[in-house]
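1. Give me the fold of what follows.
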Amino acid sequence: MLRVAEQYAVTDTGRQRRANEDSLLARSPLFVVADGMGGAQAGEVASRLAIESFQPGIGSDGNPEESLEALAQAANTRIHERSHSDAEHAGMGTTLTAVYVDEEQIAIAHVGDSRAYCLRAGELVRLTDDHSLVDELLRQGRLTPEEAIEHPQRSVITRALGPEDSVEVDTRSYAAHEGDVYLLCSDGLTTMLPEERIRELLLGNRDLRAAGEALVAAANEAGGRDNITVVLLRLEEVAVRSHRGDEQQTATDLPVVSSVPATAAAQQASPQTPPPEPSEHAGQTGAGAPVQPAVQRVPRRPGEAQPDPARSARRARRRRLLGTLAVTLVVLGVLLAGGYLALQSVYFIGTDERGLVTVYRGVPVQLPAGIDLYTTTYVSGVSASTLGAGRRHRLLDHSLRSESDAASLVRSLELGQLE
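-> Sure, this is the predicted structure:
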């Protein structure tokens, strides 16, 4: 069984902010970082409400991922209701990254651009994906890492607790190892220090307090433009083992540390079905393989009924009908596949339910049964309400475009270059 052997948590205002809007919780086995946003100290309120929602912990029963998600949703509801009941806190929100240490794995819940990392065998692996405009552009290949560093909208996040009445929470679990060091941090650290520098400081400071202080100091030396929060924990193995119920989800190993594909890992983790034992009456060859019995033809007995020609004819007609039906289904399948591929080759630009400019694949048609002939491929960080009439008409006329044409228009819009 794994447990937290050492932990350290610190939050710092930084060099360019007057107040600290970050909040944290470090109470083993639960660790949480929240980075608030909003004017008039609303961000501080939002992050504090998020941490308060996690104060009761998740208990020892049930699925850790589901419990973390439930707490995150409860925090979202509290923040959203406060922002609508208090004008001073209107529009406030917060990021959230939570880690729960279980007996053999860690569970993560994540919203926003705070991060979780694992240091294992000298390698630093990021365990979360940023919900930010720049990170989404990077994942889409629309920005290079060099462009992302200086992007004017690098601080825009696309998902947070509070702004909406519901929020999508990323949850996942990873198999944990003895000696793992986990880092939770706000973007005040990661926007100041590259990941390689973070790895060097963690490797160079075995004591977690020294490592945490070194990370904060380095972020401040690099400019300290934002609040800096660091939570560190190291795991160790203890002899006592217990087992959670069957409802627990299976953890996956770290994507970079483990070289075994997920499907192969799942096969290795599950017991292999043994080959069937040969019958004690079956013959054996010199190699031990069962001998297959020879096929014997039994002669028809006197008086046994002869085959019915009419029945044989009916069977032949049935086989021909089934053959014709199979050919018809194949032709229909080919036609449907061709139509599907045609829909996959065209794109149009519209808005999603939040009013954000969105690229869709397919055609802007909904069938009577509620079946959409389009799917979302990319959601920008630009609200259609901010567009002038000319840009709105050019983008949102639902014209069918090529993928490159649609991507180019939205990229120009995000970069402020669309005329």
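
2. which residues are in contact with the helix or strand containing residue 11?
-> Assigned by DSSP states H and E, residue 11 belongs to strand 2-12. Contact with strand 2-12 is made by 20, 22-24, 26, 28-29, 31, 101-104, 176, 178, 188, 208-209, 211-213, 216, 219-220, 224, 227-238, as judged by C-beta atoms under 8 Å, 6 or more residues apart in numbering. All C-beta atoms are positioned from the backbone trio N, CA, C, and that covers glycine.

3. Buried subset of those as a ChimeraX selection?
-> Burial among the contacts of strand 2-12 is assessed by 16 or more other C-beta atoms under 10 Å; the matching ChimeraX selection reads:
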select :20,22,23,24,26,29,31,101,102,103,104,176,188,208,211,212,213,216,219,220,224,227,228,229,230,231,232,233,234,235
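
4. Narrow the contacts of strand 2-12 to those in strands?
-> If you go by DSSP state E, these have 22-24, 26, 31, 101, 228-237 in strands.

5. Residue 14: which of the residues you listed is nearest?
-> residue 228 (5.5 Å; C-beta to C-beta).

6. Please list all residues in contact with the residue nearest to the closest one when sequence neighbours are not counted.
-> What sits nearest to residue 228 in space, not counting adjacent residues and going by C-beta to C-beta, 6 or more residues apart in numbering, is residue 188, at 4.0 Å. The neighbours of residue 188, taking C-beta under 8 Å, 6+ apart as the test, are 12, 14, 22, 35, 219, 224, 225, 226, 227, 228, 229.

7. what does residue 204 give?
-> 211, 214.

8. Just give the nearest non-adjacent residue to residue 378, would you?
-> residue 359 (4.3 Å).

9. list the buried ones in the host helix or strand of the one you found?
-> Assessed by DSSP H and E, residue 359 sits inside strand 356-366. Within strand 356-366, the residues that qualify as buried are 356, 357, 358, 359, 360, 361, 362, 363, counting by 16+ other C-beta under 10 Å.

10. Which strands and helices lie in contact with it?
-> helix 309-344, strand 347-351, strand 372-383, helix 403-414 (3 or more C-beta pairs under 8 Å, 6 or more residues apart in numbering; DSSP states H and E).

11. quick one on the thing from earlier: from the buried residues of strand 356-366, pick the one nearest residue 1.
-> For these, the closest approach to residue 1 (C-beta to C-beta) belongs to residue 356, at 45.1 Å.

12. Please name the residues that touch the spatially most central residue of the chain.
-> Nearest to the geometric centre of the chain sits residue 170, at 5.2 Å (C-alpha atoms, centre = their mean). By C-beta under 8 Å, 6+ apart, the contact set of residue 170 is 108, 109, 110, 111, 128, 129, 131.

13. tally of neighbours for the last one?
-> Put plainly, it is residue 131. 20 (other C-beta atoms under 10 Å).

14. Enumerate every residue touching it.
-> By C-beta under 8 Å, 6+ apart, the residues touching residue 131 are 111, 112, 113, 157, 158, 159, 160, 170.

15. Pull the distance from the strand holding residue 359 to the chain's centre.
-> How far strand 356-366 lies from its chain's middle: 23 Å, per C-alpha atoms, centre = their mean, to the nearest Å.

16. which neighbours does it have in its sheet, and in what orientation?
-> Strand pairing for strand 356-366, using DSSP bridges, gives strand 347-351 (antiparallel), strand 372-383 (antiparallel).

17. Format these as a markdown table; extra columns: mean neighbour count and distance to residue 3.
-> Output for the strands paired with strand 356-366, formatted as a markdown table (neighbours: other C-beta atoms under 10 Å; distance: least, C-beta to C-beta, whole Å):
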| stretch | mean neighbour count | distance to residue 3 |
| --- | --- | --- |
| strand 347-351 | 21 | 49 |
| strand 372-383 | 16 | 41 |
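
18. weakest of those by average pLDDT?
-> Per-stretch mean pLDDT for the strands paired with strand 356-366 is lowest at strand 372-383 (a mean of 79).

19. what residues does it touch?
-> Residues from elsewhere that reach strand 372-383 (C-beta under 8 Å, 6+ apart): 133, 136, 140, 153, 156, 158, 343, 347-348, 352, 354-367, 407, 410, 413-414.

20. So which of the contacts of residue 170 is the closest to residue 319?
-> residue 129 (54.3 Å).

21. Who are the contact partners of the closest one?
-> The contact partners of residue 129, by C-beta under 8 Å, 6+ apart, come to 110, 135, 139, 170.

22. Can you tell me which of those residues has the most neighbours?
-> Among the contacts of residue 129, the one with the most neighbours (other C-beta under 10 Å) is residue 110, at 27 neighbours.

23. That residue bridge partners, please.
-> On the basis of DSSP bridges, residue 110 is bridged to residue 97, residue 170.

24. is it true that it touches residue 98?
-> Yes - in this structure, residue 110 is within contact of residue 98 by C-beta atoms under 8 Å, at 7.5 Å.

25. Helix, strand, or coil at the closest residue to residue 115 other than its chain neighbours?
-> The shortest distance from residue 115 to any residue other than its chain neighbours is 5.2 Å, reached at residue 128 (C-beta to C-beta, 6+ apart). Of the three states, residue 128 takes coil according to DSSP: H, G, I helix; E, B strand; the rest coil.

26. Neighbours of residue 128, how many?
-> Neighbour count of residue 128, defined by other C-beta under 10 Å: 20.

27. ditto for the one 5 residues further on
-> Residue 133 has 23 neighbours, counted by other C-beta under 10 Å.

28. what's the closest non-adjacent residue to it?
-> Leaving aside its chain neighbours, residue 133 sits nearest to residue 381 (3.7 Å; criterion: C-beta to C-beta, 6+ apart).
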